[in-house]
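Asker: Okay, predicted coordinates and the sequence, questions at the end:
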Amino acid sequence: MKSCVLAGSIMAAAFVIAPALAEPGASESGENDDPMQVEGMTPEENEDQLDAAPEPLDQAKVGIREKEPYGRYLVSQDGKSLYLFERDEQGGDYSTCEESCAIAWPPYTTEEPPSAGDGVDDDRLDTIERDDGVLQVTYDGWPLYYFARDVHPGDALGQSVEHLGGHWYLLSPDGKPIETEAREPAEPEEP
């Protein structure tokens with residue numbers, strides 16, 4: 001209930017703040033520090049996509065997808081892309097993405113220790129405890145996140161996005177950020 005109220009308050013603020021910050025020239029540095037306005041998204045798209053962080057899974061599972069131009073990268077058990085935030089400290093015990101940041105970039109959370117899919121190094125999987133007490137999945141010391149605009153399995157629209165003072169990258173199975181700048185939607189799957 002608390003997260004729904006917080007999300008509603010943040011959404012209301014976005015109607016007032018996001019349109020002004022989205023105007024060309026609003027940021028001299030070219031980087032977007034408004035948590036409610038993500039590069040490449042209109043305020044309306046932000047409003048439609050951003051929702052409260054999902055409930056933790058009973059047991060998260062990390063898998064691998066292979067797609068050009070990224071090669072092999074980590075995905076959730078439902079095939080959605082997982083990202084690292086370069087402002088997080090690799091091997092640290094906390095996430096720098098809280099509150100409204102965690103609405104645009106929902107943390108990949110679990111109640112039990114995560115499991116490894118085929119090709120995923122189980123020894124690199126772990127968790128950190130977030131400020132709200134929820135366990136966030138980490139891989140090779142990087143906290144893992146979804147991107148709110150990635151709707152379909154295989155979407156990689158958060159790749160190399162600069163938001164909230166740092167870049168967001170897909171993560172390879174060897175624990176390295178994938179730094180290609182291409183952002184790709186998934187091919188629609190046949191019903």
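Answerer: Arrived safely, thanks for sending. What you see is a predicted model; the values in this text were computed from it and never measured. Residues are numbered from 1 along each chain as shown.
Asker: mind checking the end-to-end distance for stretch 152-169?
Answerer: 18 Å (C-alpha to C-alpha, to the nearest Å).
Asker: can you check stretch 115-130 too?
Answerer: End residues of stretch 115-130 are separated by 19 Å (C-alpha to C-alpha).
Asker: If you count neighbours, what's buried in that stretch?
Answerer: Along stretch 115-130, these residues count as buried under the neighbour rule (16 or more other C-beta atoms under 10 Å): 116-117, 120, 124-128, 130. Using the backbone N, CA and C atoms, a C-beta is placed for each residue, glycine as well.
Asker: just stretch 56-68 next, same as before
Answerer: In stretch 56-68, counting by 16+ other C-beta under 10 Å, buried: 56-57, 60-65, 67.
Asker: Which residues are in contact with residue 167?
Answerer: 85-86, 160-161, 179 (C-beta atoms under 8 Å, 6 or more residues apart in numbering).
Asker: per-residue confidence at it?
Answerer: Note on residue 167: pLDDT of 97.
Asker: Tell me which helix or strand it sits in.
Answerer: strand 166-171 (DSSP states H and E).
Asker: For that strand, which strands pair with it and how are they oriented?
Answerer: When sheet partners are counted by DSSP bridges, strand 166-171 sits next to strand 83-85 (antiparallel), strand 161-163 (antiparallel), strand 177-178 (antiparallel).
Asker: In JSON lines: those, plus mean neighbour count.
Answerer: Shown next, in JSON lines, are those (neighbours: other C-beta atoms under 10 Å):
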{"stretch": "strand 83-85", "mean neighbour count": "26"}
{"stretch": "strand 161-163", "mean neighbour count": "21"}
{"stretch": "strand 177-178", "mean neighbour count": "20"}
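Asker: need those strands in CSV with distance to residue 185, can you?
Answerer: Shown next, in CSV, are the strands paired with strand 166-171 (distance: least, C-beta to C-beta, whole Å):
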stretch, distance to residue 185
strand 83-85, 15
strand 161-163, 14
strand 177-178, 17
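Asker: bridging residues for residue 63?
Answerer: residue 75.
Asker: Distance of it relative to residue 89?
Answerer: 25 Å (C-beta to C-beta, to the nearest Å).
Asker: okay, now residue 144: neighbour count?
Answerer: Counted with other C-beta atoms under 10 Å, residues neighbouring residue 144 total 27.
Asker: and what of residue 96?
Answerer: Residue 96, neighbours per other C-beta under 10 Å, totals 15.
Asker: hang on, the earlier thing: what about the buried residues of stretch 115-130, which are in strands?
Answerer: 116, 125-128 (DSSP state E).
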